[in-house]
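Enquirer: Only the shape, not the letters, is given here:
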């Protein structure tokens, strides 16, 4: 392990957040290393946003320890936040100000001199491909443009770590890809990314390493490939049956697949050779409405770990 | 870094936001005093017996009502600026959240917002005082001190209403505040007639309102009839009220923004 790999920018040990009776974050441990893209994957209510808010120093921790840049968020909030770039789940842009003004005003919150901010705003708008809209009001911009503006704005202080809370939720597919592309470039340029998402493809696209969260706990940790390797098979056969789903799939598969997952709308067969499994079912005379053989994804990992589908 | 330096940062946002509406506010800050002074000072004043005695000197009704309107205007501008805009910064535009993602603390954005409101009040009452002077109702150079005095009145309303604005979940209560607190204070806090004419329990209530203290303080200053112990008592009351309200506002802001 190299020197940089071992450097924890954020460290949590037994981190707990309770709201009254509700335990939103239940004793989690994690480390964020410099230069990596680290993800919290989980459904709504898993405790992802609560964790982000504690790191962003706007939510006191209930128990455990949390260190950001080696500092205590409750004591050194101002110092920590001057080094963070925050992209919140809900945009906090001012709709009536122009695109450019939003960046300049936000830069002033950091105490960056106005003389520097003009140039900085132009560079950032170019980076997120909004330079042509610089002098337009924010309100009429599309959701994807607003999100890119929020990202540009969060970069105004040249942050060491970016906190991205569901960066592409609610965006259309093209807009999501543009955002992913920009985030990927940021990572390439050495910015450390910490993001939450409930999208598998987003986690697979962006994260070097991720933790799967469920009901406030971390249930697994690793790179997307490691997680798939550890908790799933190489391939998955998806069967849809319509009205006449057979009762005993174990009989049909004859113990030839690693695991069977029966979902409301389809049945998943976990196996290292999907084509062989599909072929076997066909030979034995099982005729589902449709058969799809695909590679395992994080969704399968999630399903296995929590026993339920991620996007409900 | 000091709170003052950090509180200047959010101030810039509120000015940028104000640039969108400044024309309207400038027009209303000139037209409003002209209308009120014509109607109540000149119009109604004609029906009021001529010699109003204040502190042993006699004055026209216009002279007596003008400083009260000045203080009441500070109250109204402040109350508006601390109601919807505070709720908006939390719930709709969410600008407070943006500020808290930057290296600013809860008290910095509270102080910054209150400072912006104070500047709005000061500019409005400066224009108001100039109009009063044009009506010939400024009787002393001390009147210039009515500007900071009205500033105190304004913050005495901006701070508690901001505390409420951060506490409440919807804007429904603001209309009630204006109708059942601000309007009665406007009418009964010694603005248009002495509070001694109120039934005794209500008179006592009037003395407990920041507006009554502000009205009497501004009146002493524009009429040039300053009774030093009383003037000091007014300033102390307003200052204590502001300190208590700001303390309440910090608690209310924290409760809503840091959880």
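Expert: In hand now; what should we look at? Computed from a prediction, not measured in an experiment: that's the story for all the values here.

Enquirer: Which element, helix or strand, includes the residue lying closest to residue A:24 once chain neighbours are set aside?
Expert: Take residue A:24 and drop its neighbours on the chain: the residue closest to it by CB to CB, 6 or more residues apart in numbering or on different chains is residue A:50, 4.2 Å away. Every C-beta, even on glycine, is put in place using the N, C-alpha and C of the backbone. Per DSSP states H and E: residue A:50 is located in helix A:48-55.

Enquirer: chain center to stretch B:243-256, what's the gap?
Expert: Taking the mean of its C-alpha atoms, stretch B:243-256 sits 19 Å from the chain's own mean (CA atoms, centre = their mean, to the nearest Å).

Enquirer: Buried ones in it, by neighbour count?
Expert: By 16 or more other CB atoms under 10 Å in any protein chain shown, the buried positions in stretch B:243-256 come out as B:245-246, B:248-250, B:252-254, B:256.

Enquirer: And stretch A:38-47, end to end?
Expert: 16 Å (CA to CA, to the nearest Å).

Enquirer: and it, what's its mean pLDDT?
Expert: For stretch A:38-47, mean pLDDT rounds to 91.

Enquirer: Could you see whether chain B lies near that stretch?
Expert: No - Stretch A:38-47 does not reach chain B (CB under 8 Å from any CB of the partner chain); its nearest approach is 14.4 Å.

Enquirer: Can you give the contact residues for that stretch?
Expert: Outside of stretch A:38-47, the residues within contact range by CB atoms under 8 Å, 6 or more residues apart in numbering or on different chains are A:17, A:24-26, A:28, A:30, A:32, A:48, A:51-52, A:192-198, A:200, A:202-203, A:206-217, A:298, A:302, A:310-312.

Enquirer: Kindly report the residues of chain B close to chain A.
Expert: B:1, B:5-6, B:9-10, B:12-13, B:16-17, B:20, B:93-95, B:97-105, B:257-259.

Enquirer: what about 10 Å?
Expert: When proximity is defined as CB under 10 Å from any CB of the partner chain, chain B approaches chain A at B:1, B:5-6, B:8-17, B:19-21, B:89, B:92-106, B:108-109, B:112, B:254, B:257-259.

Enquirer: Which ones among those lie within helices?
Expert: B:5-6, B:8-17, B:95-101, B:106, B:108-109, B:112, B:254, B:257 (DSSP state H).

Enquirer: Narrow these to just the buried residues.
Expert: Buried subset of those (neighbour count, 16+ other CB under 10 Å): B:6, B:8-14, B:16-17, B:95-101, B:106, B:108-109, B:112, B:254, B:257.

Enquirer: List the buried residues of stretch A:285-302.
Expert: Quick answer for stretch A:285-302 (16+ other CB under 10 Å): A:286, A:288, A:291, A:293, A:296-302.

Enquirer: again, but for stretch B:184-193
Expert: Across stretch B:184-193, burial judged by 16+ other CB under 10 Å covers B:185-186, B:188-192.

Enquirer: so of the buried residues of stretch A:285-302, which ones are in strands?
Expert: Among those, the subset assigned to strands under DSSP state E consists of A:291, A:293.

Enquirer: Distance to residue B:127 added to the buried residues of stretch A:285-302, as TSV?
Expert: Below are the buried residues of stretch A:285-302 laid out as TSV (distance: CB to CB, whole Å):
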residue	distance to residue B:127
A:286	85
A:288	79
A:291	78
A:293	77
A:296	71
A:297	66
A:298	63
A:299	64
A:300	69
A:301	67
A:302	63
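
Enquirer: Max pairwise distance over the buried residues of stretch A:285-302: which two?
Expert: Largest separation among those by CB to CB: A:286 and A:298, giving 28.2 Å.

Enquirer: so where do the helices sit in the stretch 51-200 of chain B?
Expert: Taking DSSP state H, counting those that start in this stretch as the criterion, the stretch 51-200 of chain B carries its helices at B:61-87, B:95-101, B:106-134, B:146-167, B:172-177, B:183-188, B:200-207.

Enquirer: Report the rounded mean pLDDT for the last one.
Expert: The one in question is helix B:200-207. pLDDT averaged over helix B:200-207 gives 94.

Enquirer: Which elements pack onto that helix?
Expert: Helix B:200-207 is packed against helix B:183-188, helix B:210-223, with contacts defined by 3 or more CB pairs under 10 Å, 6 or more residues apart in numbering or on different chains; DSSP states H and E.

Enquirer: and the nearest residue to residue A:148 once chain neighbours are set aside, what are its phi and psi?
Expert: Of all residues not flanking residue A:148 in the chain, residue A:128 sits nearest, at 4.0 Å (CB to CB, 6+ apart). Main-chain dihedrals, residue A:128, degrees, to the nearest 10: phi -100, psi 10.

Enquirer: Next one, pLDDT for residue A:128 please.
Expert: For residue A:128, pLDDT reads 94.

Enquirer: pretty sure it is touching residue A:156, no?
Expert: No - contact criterion CB atoms under 10 Å: residue A:128 and residue A:156 do not qualify, at 11.8 Å.

Enquirer: Where in the chain is the helix or strand with the lowest mean pLDDT?
Expert: Assuming you mean chain A. The helix or strand with the lowest mean pLDDT-type score in chain A, counting by mean pLDDT, DSSP states H and E, is helix A:249-253 (a mean of 78).

Enquirer: The intended chain is chain B.
Expert: Result, chain B / mean pLDDT, DSSP H and E: strand B:52-54, a mean of 82.
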